[in-house]
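*Asks:* Next comes the sequence, and after it the predicted model I'd like to discuss.
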Amino acid sequence: MKVQFFPGILLLTLITVSISTVYADIQVESSYTMGDLIAITGTTNFNTDNSVLIEVWPASFGPKGKYEPSMAGGGSVVVPVQSGENLDYHWNGTFDSSGWAPDTYMVRAEIIGKNYVETRMFDLMEKSEVEKVLVAPEAQSEINQTEITPVHTPQMPEEIPTENIPESVPVPTQKSSLSGGTIALSLGILTMSLFMLASRR
């Protein structure tokens with residue numbers, strides 16, 4: 001039995017294969033710092049008649065079907081599929097991570113109405129404490145360099161005027177002018193006077 005292939009069947013098979021290999025790849029950085037703008041982009045073979053729902057939520061909340069406003073971080077946005085220069089299609093969305101809690105985040109991109117979903121993950125980290133520790137001593141160092149340290153000049157003691165004190169001159173010892181004979185004569189007279197006074201009594 002001979003099997004015949006018709007051009008119409010072959011063309012239909014090729015179209016079916018091309019439709020089944022649809023894609024909507026996600027490109028996102030693996031890590032960000034709190035406050036960064038998080039750009040989530042993707043390429044697809046869905047044309048510009050389609051839109052993409054991008055959802056971001058903290059992994060600590062578990063898998064979610066959609067973004068929940070009560071979460072401490074994350075969000076959702078719908079963006080259109082746009083045509084590129086090389087006849088390809090792409091899409092992109094941006095999220096501001098200010099106020100988000102540090103965590104691992106899930107990214108979900110869905111081609112609306114096509115039941116096609118792609119997912120990715122990224123880490124949102126706090127600003128390094130090491131930077132704070134390094135910046136503080138530098139700032140303190142700059143402050144210390146600008147401070148003017150007063151220089152204390154030691155005061156010399158005032159000179160006390162000294163009086164010229166003349167050197168002491170030895171004083172010669174004066175000898176008594178009374179000689180030995182004079183003293184003996186005086187004693188004799190004194191003795192006689194006492195004797196005469198006693199005899200009158």
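*Replies:* Noted; the coordinates are in hand. As the structure is a prediction and not an experimental result, all values here were calculated from the model.

*Asks:* tell me the mean pLDDT for the longest helix anywhere in the chain?
*Replies:* As assigned by DSSP state H, the longest helix anywhere in the chain is helix 180-199. Here helix 180-199 scores 78 as its mean pLDDT.

*Asks:* try stretch 94-114
*Replies:* What stretch 94-114 shows for mean pLDDT is 93.

*Asks:* Can you mark which positions in it are buried?
*Replies:* Using 16 or more other CB atoms under 10 Å as the test for burial, stretch 94-114 gives F95, S97, W100, P102, D103, Y105, M106, V107, R108, A109, E110, I111. Using the backbone N, CA and C atoms, a C-beta is placed for each residue, glycine as well.

*Asks:* which stretches of the chain form helices?
*Replies:* Listed from the start of the chain, the chain has helices (DSSP H) covering 7-20, 129-146, 180-199.

*Asks:* State the pair within the buried residues of stretch 94-114 that is farthest apart.
*Replies:* Spatially, the most separated pair among the buried residues of stretch 94-114 is P102 and I111, at 30.6 Å (CB to CB).

*Asks:* In TSV, list the buried residues of stretch 94-114 along with distance to A184.
*Replies:* Output for the buried residues of stretch 94-114, formatted as TSV (distance: CB to CB, whole Å):
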residue	distance to A184
F95	141
S97	135
W100	135
P102	130
D103	135
Y105	140
M106	145
V107	146
R108	150
A109	152
E110	156
I111	160
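
*Asks:* from those residues, which single one is nearest V79?
*Replies:* Taking CB to CB as the measure, V79 lies nearest A109 of the buried residues of stretch 94-114, at 9.3 Å.

*Asks:* List the contacts of that closest one.
*Replies:* Neighbour list for A109: A24, I26, I40, G42, V52, L53, I54, E55, W91, V117, E118, T119 [criterion: CB atoms under 8 Å, 6 or more residues apart in numbering].

*Asks:* Which entries within these meet the buried criterion?
*Replies:* Of the contacts of A109, these count as buried by 16+ other CB under 10 Å: A24, I26, I40, G42, V52, L53, I54, E55, W91, E118.

*Asks:* Any idea which of the contacts of A109 the model trusts least?
*Replies:* Lowest pLDDT among the contacts of A109: A24, 73.

*Asks:* partner residues bridging that residue?
*Replies:* Taking DSSP bridges as the rule, A24 bridges to T44.

*Asks:* How about residues contacting stretch 38-46?
*Replies:* Contacts for stretch 38-46 (CB under 8 Å, 6+ apart): 21-29, 32, 50, 52, 54, 56, 81, 88-97, 107, 109, 111, 114, 116, 118, 122.

*Asks:* Likewise for stretch 116-124?
*Replies:* Here stretch 116-124 makes contact (CB under 8 Å, 6+ apart) with 22-26, 28-34, 38, 42, 46, 59, 73, 97, 100-111.
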